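Sequence and predicted structure below; questions after.
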Amino acid sequence: MAEQNVAARLRDGMARGVLSFPLTSFGASGELDLDAYRAYVAGQIGSAPGAVFPACGTGEFFSLDEDEYRRVVTATVEEAAGRVPVVAGVGYGWAQAARFARIAEEAGADALLVLPHYLVRGPQSGLVAQVEQIAARTPLPLIVYQRDQVAFSVDSLRKVAALPNVIGLKDGHSDLDRLQRLTLAAPDDFLFFNGAATAEIQARAYAAVGVPAYSSAVHAFAPEIADAFFTALRDADHARVDRLLREFYVPFVEIRDRVPGYGVSLVKAAARLRGRPVGPVRAPLADPTPGDLADLERVLAAGLDLVSRVSGNTLAGAAR
């Protein structure tokens, strides 16, 4: 089945690298800059992530109209050229999500990430029905994303996982007690991955409950840092993991937490500092202040310097 093939490719990719959530490139006036996006996403794919997830949260899905969405997903599929799975974001209510799902299917996406629905909270029966309605309207495999107002109970996850084209769950709650119960209740071949903000901070904790795979916002601007962390974590090199967390990830998160929306706009600013053609964020997000940008530049330089020492195999023995 197509679902099994995509799930197998994603499982293999998750074991080999982080999951890439590319930024969407905008011009100075806020217009989609597709040529710049192609150049940027080609670099992301060239760094060999486990999969690429265009038009999701980091890619400002919430600010794209349907035509822009089509162009972004199509460009990603073309740049990927089958090298890695392409999983496009869909969201809002189920009716609108189904429209985006049709566009993603026509564009050649391999699967869909069902983003948390718009605005309202619903009971567990409603959360299940939302996924059922989307799943009934697309042949593409679905990964459901729980965060904010979406949090599945064990019984709800069993119902969702029983749908033929639902293959996995991305978790953004970091409630490891609940997540452990979900992993134990799901089918053995069901995919789980860590989707916490700056997921590396909690990667070891997630791995301890059987969820080692994760998405990486850092990969959007510094694949070399993201890959160094992934390798250190995979190899259980705790000295390197701790050093990367202490000297780069924690300082980065401290800046990220200063302003709502910095989870995207700080990432985009870091990409611009690296010379990536991503442009500004769209409102209601706001680009970082000059002071925060200066702090970001210092933290990013420290992270890149640290990784250069990782590649030189000197980090493990470096003084704390």
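All right, it came through fine. Please read these numbers as outputs of a predicted model, since none were measured by experiment.

Report the secondary structure state of Ala88.
strand (DSSP: H, G, I helix; E, B strand; the rest coil).

From Ala80, how far out is it?
The gap separating Ala88 from Ala80 is 11 Å, by C-beta to C-beta, to the nearest Å. C-betas here are computed from N, CA, C, even on glycine.

after the least confident helix or strand in the chain by mean pLDDT, next one along is what?
Here the helix or strand of the chain ranked lowest by mean pLDDT, DSSP states H and E is helix 2-16, holding a mean of 89. Where DSSP states H and E defines the elements, the next helix or strand beyond helix 2-16 is strand 19-20.

Now find how far off-centre that following strand is within its chain.
6 Å (C-alpha atoms, centre = their mean, to the nearest Å).

Can you name the residues in contact with it?
Strand 19-20 is contacted by residues 13, 44-45, 47, 49-53, 84, 193, 213-216, 219-220 when judged by C-beta atoms under 8 Å, 6 or more residues apart in numbering.

same check, this time on stretch 199-210
171, 174, 176, 179-180, 183, 192, 194, 196, 212, 214-218, 226, 229, 233, 241, 244-245, 249-250, 253.

what about Ala88 and Ala80, which has more around it?
Higher neighbour count among Ala88 and Ala80: Ala88, with 31 against 21, using other C-beta atoms under 10 Å.

Any idea how many residues pack against the closest residue to Glu66 other than its chain neighbours?
Nearest residue to Glu66, sequence neighbours excluded (C-beta to C-beta, 6 or more residues apart in numbering): Ile103, at 6.2 Å. Using other C-beta under 10 Å, Ile103 has 20 neighbouring residues.

just Ser215 next, same as before
Neighbours around Ser215, by other C-beta under 10 Å: 32.

for whatever helix or strand Ala75 lives in, packing partners?
Secondary-structure assignment from DSSP H and E places Ala75 in helix 66-80. Applying 3 or more C-beta pairs under 8 Å, 6 or more residues apart in numbering; DSSP states H and E, we find helix 66-80 packed against helix 34-46, strand 87-90, helix 94-107.

any idea of the mean pLDDT for the longest helix along the chain?
The longest helix of the chain (DSSP state H) is helix 290-311. Averaging pLDDT along helix 290-311 gives 93.
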